[in-house]
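Novice: Here is my input, please return the structure:
(2 chains)
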Amino acid sequence: NAGVTQTPKFQVLKTGQSMTLQCAQDMNHEYMSWYRQDPGMGLRLIHYSVGAGITDQGEVPNGYNVSRSTTEDFPLRLLSAAPSQTSVYFCASSPWGAGARYEQYFGPGTRLTVT
Amino acid sequence: GENVEQHPSTLSVQEGDSAVIKCTYSDSASNYFPWYKQELGKRPQLIIDIRSNVGEKKDQRIAVTLNKTAKHFSLHITETQPEDSAVYFCAARAEAAGNKLTFGGGTRVLVKP
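Specialist: Alright, predicted model coming up:
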């Protein structure tokens, strides 16, 4: 059981480039989410999904797109990278639904630098 | 939406002393309050959580208390050890907001031997 996995671990982009951060989980969790963590700050929700085909915006969605075609995968796309998107990105998953334990399991993170 | 404030932002304690971190939330509908520990360069990991139908929960040296009326909750770590040094985050979740967690800004705890 690998839990939540993320790739890549590190990435450097130039301003204007696009890329996709990958996230996968093998716990059959319906709920998945993306957070960004800036130095000395808490985690801010970018986008989330409560199941395949369903996504919604979080607190800071601008500049990012997501899709959820399977229960396992939840990729995050940066459309045109900007220096303000330099951050550590965490993917998380949890069970969902009535009676579920809502503990969120985090992936190891992707450290992104935009120059 | 929900707003969670966390204090203090840094906390230095002597090994063996207690540490207390406090959080307030704004949405009275919030009903789930987890605490995460994040070691340097690592992912956040859940250490304890409490639901709104419970006032206090303990797990060995850590405990969380919840005051729904005042909309605040606290993390208590007793007999601190150097391995307790980390950043701690509180969070709140409202039923109406699905499973969206709103995090506090974090508290950097340093336990001095």
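
Novice: Could you show which parts of chain B are in contact with chain A?
Specialist: Proximity of chain B to chain A is confined to B:1, B:6, B:32, B:34, B:42-46, B:49, B:89, B:93, B:98-106 under the rule C-beta under 8 Å from any C-beta of the partner chain. Where C-beta positions appear, they are placed from N, C-alpha and C, glycine not excepted.

Novice: From the residues you listed, list just the buried residues.
Specialist: By the neighbour-count criterion of 16 or more other C-beta atoms under 10 Å in any protein chain shown, those include these buried positions: B:6, B:32, B:34, B:43-44, B:46, B:49, B:89, B:93, B:99-106.

Novice: still on that earlier bit, list the ones among the residues of chain B next to chain A that fall in strands.
Specialist: Of the positions in these, B:6, B:32, B:34, B:45-46, B:49, B:89, B:93, B:101-103 sit in strands, assigned by DSSP state E.

Novice: And the residues you listed, which is closest to chain A?
Specialist: Among those, B:Phe103 lies closest to chain A (C-beta to the nearest C-beta), at 4.1 Å.

Novice: In contact with the closest one, which residues?
Specialist: By C-beta atoms under 8 Å, 6 or more residues apart in numbering or on different chains, the contact set of B:Phe103 is A:35, A:42-44, B:4, B:36, B:89-91.

Novice: For the spatially closest residue to it that is not a sequence neighbour, which residues are in contact?
Specialist: Of all residues beyond its chain neighbours, the one nearest B:Phe103 is A:Gly42 (4.1 Å), with distances taken as C-beta to C-beta, 6 or more residues apart in numbering or on different chains. The neighbourhood of A:Gly42, defined by C-beta under 8 Å, 6+ apart, consists of B:6, B:89, B:103-106.

Novice: what do you get for A:Lys9?
Specialist: A:108-111.

Novice: Then B:Thr65?
Specialist: For B:Thr65, the contacting residues are B:50, B:55-56, B:73-74, B:76, taking C-beta under 8 Å, 6+ apart as the criterion.

Novice: That one: which element?
Specialist: In the assignment (DSSP states H and E), B:Thr65 maps to strand B:62-67.

Novice: Tell me which entries of the contacts of B:Phe103 lie within strands.
Specialist: The members of the contacts of B:Phe103 that map onto strands under DSSP E are A:35, A:43-44, B:4, B:36, B:89-91.

Novice: contacting residues around the residue most central in space within chain A?
Specialist: The centroid of chain A falls nearest to A:Trp34 when counting by C-alpha atoms, centre = their mean (2.7 Å). Taking C-beta under 8 Å, 6+ apart as the definition of contact, the neighbours of A:Trp34 are A:21, A:23, A:45-48, A:58, A:64, A:66, A:74, A:76, A:89-92.

Novice: now with 7 Å?
Specialist: A:46-47, A:66, A:76, A:89, A:91 (C-beta atoms under 7 Å, 6 or more residues apart in numbering or on different chains).

Novice: Pull up the gap between it and chain B, please.
Specialist: Computed as C-beta to the nearest C-beta, to the nearest Å, the A:Trp34 to chain B distance reads 12 Å.

Novice: excluding its backbone neighbours, what's nearest B:Pro44?
Specialist: With C-beta to C-beta, 6+ apart as the measure, B:Tyr36 is the residue that lies nearest to B:Pro44, at 3.9 Å, once sequence neighbours are left out.

Novice: Quickly list what the one you found is bridged to.
Specialist: For B:Tyr36, the beta-bridge partners are B:Leu46, B:Phe89 (DSSP bridges).

Novice: In this structure it contacts B:Lys42, no?
Specialist: No: using C-beta atoms under 7 Å, B:Tyr36 is not in contact with B:Lys42, being 10.8 Å away.
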